[in-house]
Structure formats: structure tokens, C-alpha cells
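Got a predicted structure plus its sequence, pasted below:
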Amino acid sequence: MNANDLTQGKIMRALLRFFFPILFGMLFQQLYNTVDAVVVGRCVGYEALAAVGGSPAVIINLVIGVFTGLASGATVIISQYCGSKDDELLSRASHTILMFCLLAGIAMTALGWISTPWSLRLVRTQPDIFALSERYLRLYYLGSVPLLLFNVASGILRAVGDSRWPLAYLGVCCVLNIVLDVLFVAVLDMGVAGVAWATVLSQTAGATLILMHLARAPGPERLILWQLRIDRSSLRRILYIGVPAAIQGAMYSVSNIVIQTAINGFGTVVIAAWTAISKFDGVFWVTSNAFGAAICTFVGQCFGAGKYERMKEGARKWLLTALGTAVLLSTLLLSVSRWGLLLFATEAAVVEEASRMLWYFVPFYFVWSFIEILSNTLRGAGDALAPTVICLIGVCVLRVLWIWLVVPYWHTVLGVSMSYPVTWFATAAAFVLYYAKSNWLQRCKGRQT
């Protein structure tokens, strides 16, 4: 049995062996932003923390969410080709998505640099942090190409069952990012610009390492520079899965921008507290994302191999595992919140506000497990449209309506925060009904043939 083959052996052993490197890798990636927040919050001040983690963060997440969604289409297609042992189509899809992201990254750099002031004004960035936010965001866009190439190359390796090497290269990048953060901010006093340059340089190092690894890979995922081109047939299949996922990612970010805009109206202290929370509870979100990435690849390989019962059994067991993990992490986060938040801010008002806000949504994180696991199960089998529609209505549209219709009459931080659990429950219920009652698997089989 191939060590990277998820279609054989005990289901939980295969999933866990694949999951943990993804989890540790995503934790390293989260550590990028966490270290940035710690260094800026403690060495520069809470205004700089708000400037780095407030409006720029939601704008960056919007742009990255679009391309991450597109790249997820390649991950699904490549994992299905891996399961069906179609090496030629796997190679074409890998080279297609790498070339696509190279071109997209160049465009993203230019457009991001030009549109930065407009986008910051759009989300009502506070005047006292506008200049800092603009400086940070423009410099961050310079790392667009290596960021996209690293993420898509990691996705290719995970699609063929290799989750260990992306972890190793993320570890190197994380250490480099920490060293450069301390050097540029604490030693050279470069402020938010130092944080941005540390991120760009570490991402460039990571992209170089993982592309060199792909160039030496022995399998069909091997990168051959002269074969970098966009194959129309491969791109169509990738976009069929990727475009709905990109729309979903974009709409998540748009709804978060609407929420960030509402939060910005409460002042810099609340913005800094919201930023601290987004870093502090990141351990849950990266764990949830790792659960989703693991089941998506598992389902893709099993679907490509025609092992449908194994696929459904794996999804059921993985959902139960994700639910238990969510409950444990929520309890842990609430237990250590007081001293944990001190990593990101020393101002008592910021820590007090963040501690109170955590209780508004952290106890409901278990609900998100239904959304994460079921949406990625459907997407891994090739059902890309339904997860997008459900999330678009349940998470995005409902959340925006809450901000527009409810918050004006409940104009508190609690009123804004409750938009999360309300929309999670609605979306989770829709996914459970769709997964249990529709004939999604038969439709996916029909498209496969």
C-alpha cells in the first residue's frame, strides 16, 4: 500500500495520519499572523495592532479567499485523479493551476497596490490608523505571488496524500518570520512596515522551497518548468469546483468586512480587542480548516477510486471527531482567555473588552463542525454548487441582513457578535438536511461518467 493512498487501510488511522501534518502546518501559518500581532501589539502599541489586524486583515482575507477557493478546485480534481491513478491528467492539472496562480498573483499585486486607499475607505478605517493600515496593506500585496504559489503547491502535495512536506516548509517559514519580526520591529524599529516585510520575505522563502520540492518529486505531481501552461480542459474542471468555492470564500470575507465595518464604528479599543480575539481563537479555526482539508482529500481519493461506502463512513466518523474536538477547544479557549489575551495587548481596556466578547460566540463553535465537514465532503465528491448556495444564503446573506436590520436596533458589540452563532445554526441545519435527503452522490457519479 502507498503511504499516501487514503483509499486503503483503516479509515481513522489513514485520516489521522494525514490530518495532523495539515493541522500543524496550518498552526504554523496561523503563527505568522499571531507573531505579527504579538510583536506589534507589545512593541509598537494598540493603534498599530488595530492597523495590522483590523481592516487590512479582512481585505486580505477577501482576496486570498477567492484564490484559495480556486485552488481548492485543483485539489479536488487532483485528488480524484490520484484515486483513479490517471497520472497524465494529474500532471496537466498540476501545471495548469500553478501557471494560473502565477499570472493571478501578478495581477493581484498590481491591483492591490492601486486599490489599497479605496478599499480601506470602503470599510471605514479609523482616521488615526489609516496611514499605518495603508502602508502595511500595500507592502503585504508585494508577497502575492509567493503566497499563492506556496498555497497551491501545498494543495497539490496534499491532494496526492503528502501532508508532511508542506508542514516542514511552513515550519521553516514560521521560524524565519519570527526572527525577521523581532529584527525589523523590536530591533530596527520599522513598525508595521517591518511586520509586512517579514511576512513577504518568509512567504518568498516558503514558495521557493516547496517549488524546488515539486521539481524533484518522483510522481506525476512533479513540476517541469517547460510544461507550465494552461490546459483548457483541466482548467474547466478546476473552475467547475473552484469558482463556487471562490465565491463562497469571497462572500465569507464580504460578510466579515460588513461586520468589521460595524466594529470600526465602536472605536479603536474595540477594533484592537476584535483583532486580539481573531488571533487568540485562531487555533480553533485552523483546526477546523485542517479537518475540512483532510476529509476533502480523503473523499476525493475514495470517490475517484469508486469506494463510495468508505467515503461515507469516513465522513461520518470524521464529523463526530470534529464535534468532540470543537467542544474541547471551546472549553480550553474560554478557560485561558484572560492571560492568553495578554499576549496581544497590555492595555486593560482592550483585554477586558476581548474577554467579554469571546463569550458571545466561542461556546457555539461546535456548530461550525457540521458546516466544515459536510461542505468539504460534498466538494470532495465534486458537488461544488450546493455548498456554495447554502453558505451564500445561510452564512453570508443572513449575516449581512443581521448587520443591516438588527444591529441598528441592537447597537452593541453583543448585537454584532451574535450574527455569528445565529447564522451558523441556520447553515448547519441546511447542510444536514441536504446531505441526508438529497441524491447528491448519484449526481456526482453521473458527472464522473
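Received it, and whenever you're ready, just let me know what you need. Residues are numbered from 1 along each chain as shown.

Flag the shaky bits of this structure, pLDDT-wise.
1-4, 30-34, 36-37, 41-46, 49-51, 53-54, 344-346, 447-449 (pLDDT under 70).

So which other helices or strands are in contact with the longest helix out of those in it?
In terms of residue count, the longest helix belonging to the chain (DSSP state H) is helix 87-122. Applying 3 or more C-beta pairs under 8 Å, 6 or more residues apart in numbering; DSSP states H and E, we find helix 87-122 packed against helix 55-84, helix 127-141, helix 144-159, helix 232-264. Every C-beta, even on glycine, is put in place using the N, C-alpha and C of the backbone.

Let's have those helices in JSON lines, adding distance to Gly415 and mean neighbour count.
Output for the helices and strands packed on helix 87-122, formatted as JSON lines (distance: least, C-beta to C-beta, whole Å; neighbours: other C-beta atoms under 10 Å):
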{"stretch": "helix 55-84", "distance to Gly415": "19", "mean neighbour count": "25"}
{"stretch": "helix 127-141", "distance to Gly415": "24", "mean neighbour count": "20"}
{"stretch": "helix 144-159", "distance to Gly415": "35", "mean neighbour count": "25"}
{"stretch": "helix 232-264", "distance to Gly415": "9", "mean neighbour count": "21"}
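
Distance to Leu385 for these - can I get that in JSON lines?
Formatted as JSON lines, those follow (distance: least, C-beta to C-beta, whole Å):
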{"stretch": "helix 55-84", "distance to Leu385": "12"}
{"stretch": "helix 127-141", "distance to Leu385": "31"}
{"stretch": "helix 144-159", "distance to Leu385": "21"}
{"stretch": "helix 232-264", "distance to Leu385": "5"}
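
So which of those helices is nearest Arg316?
Smallest distance to Arg316 across the helices and strands packed on helix 87-122 (C-beta to C-beta): 19.3 Å, for helix 55-84.

which secondary structure elements does that closest one contact?
helix 87-122, helix 127-141, helix 144-159, helix 232-264, helix 282-304, helix 365-380.

I'd like to know which of these lies nearest to Thr275.
Short answer: helix 232-264, nearest of those by C-beta to C-beta, at 9.4 Å.

Report all helices and strands that the closest one contacts.
helix 55-84, helix 87-122, helix 268-280, helix 385-391, helix 398-401, helix 413-417.

so can I have a markdown table of these showing distance to Met212?
Output for those, formatted as a markdown table (distance: least, C-beta to C-beta, whole Å):
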| stretch | distance to Met212 |
| --- | --- |
| helix 55-84 | 19 |
| helix 87-122 | 13 |
| helix 268-280 | 31 |
| helix 385-391 | 34 |
| helix 398-401 | 41 |
| helix 413-417 | 44 |
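
Which of these sits closest to Asp231?
helix 87-122 (4.6 Å).

coming back round to it: for the longest helix of the chain, buried residues please.
89-101, 104-105, 108-109, 112, 115-116, 119-120 (16 or more other C-beta atoms under 10 Å).

Identify the residue nearest Gln227 in space, chain neighbours excluded?
His95 (5.0 Å; C-beta to C-beta, 6 or more residues apart in numbering).

how close does that neighbour get to Pro166?
18 Å (C-beta to C-beta, to the nearest Å).

likewise Leu16?
Distance from Leu16 to Pro166, by C-beta to C-beta: 17 Å.

Who has more neighbours out of the two?
Ranked by neighbour count (other C-beta atoms under 10 Å), Leu16 and Pro166 place Pro166 first, with 27 against 14.

now the helix or strand that one falls within: how far from the chain's centre is it?
Assigned by DSSP states H and E, Pro166 belongs to helix 164-181. Chain-centre distance of helix 164-181: 17 Å, with C-alpha atoms, centre = their mean, to the nearest Å.

How about residues contacting that helix?
21-22, 24-25, 28-29, 31-32, 35-36, 39, 150, 153-154, 157-158, 194-195, 197-199, 201-203, 205-206, 209-210, 213 (C-beta atoms under 8 Å, 6 or more residues apart in numbering).

Could you check how far Pro220 is from Glu88?
7 Å.

coming back round to it: I figured the residue nearest to Gln227 hits Arg229, correct?
Yes: contact criterion C-beta atoms under 8 Å: His95 and Arg229 qualify, at 6.5 Å.

Tell me the residues that contact both of these two, please.
Counting by C-beta under 8 Å, 6+ apart, nothing touches both His95 and Arg229.

then stretch 195-213 to PDB, C-alphas only?
This file holds the C-alpha atoms of stretch 195-213, laid out as PDB (Å, rounded to 0.1, in the frame of the first residue of the first chain):
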ATOM      1  CA  VAL A 195       5.900  43.200  10.000                       C
ATOM      2  CA  ALA A 196       4.900  43.400   6.400                       C
ATOM      3  CA  TRP A 197       8.400  42.800   5.100                       C
ATOM      4  CA  ALA A 198       8.900  39.900   7.400                       C
ATOM      5  CA  THR A 199       5.800  38.200   6.100                       C
ATOM      6  CA  VAL A 200       6.700  38.900   2.400                       C
ATOM      7  CA  LEU A 201      10.300  37.500   2.800                       C
ATOM      8  CA  SER A 202       9.200  34.400   4.700                       C
ATOM      9  CA  GLN A 203       6.500  33.700   2.200                       C
ATOM     10  CA  THR A 204       9.000  34.000  -0.600                       C
ATOM     11  CA  ALA A 205      11.300  31.600   1.100                       C
ATOM     12  CA  GLY A 206       8.500  29.100   1.600                       C
ATOM     13  CA  ALA A 207       7.400  29.300  -2.100                       C
ATOM     14  CA  THR A 208      11.000  28.700  -3.200                       C
ATOM     15  CA  LEU A 209      11.400  25.600  -1.000                       C
ATOM     16  CA  ILE A 210       8.100  23.900  -1.900                       C
ATOM     17  CA  LEU A 211       8.500  24.600  -5.700                       C
ATOM     18  CA  MET A 212      12.000  23.100  -5.500                       C
ATOM     19  CA  HIS A 213      10.500  20.100  -3.800                       C
END
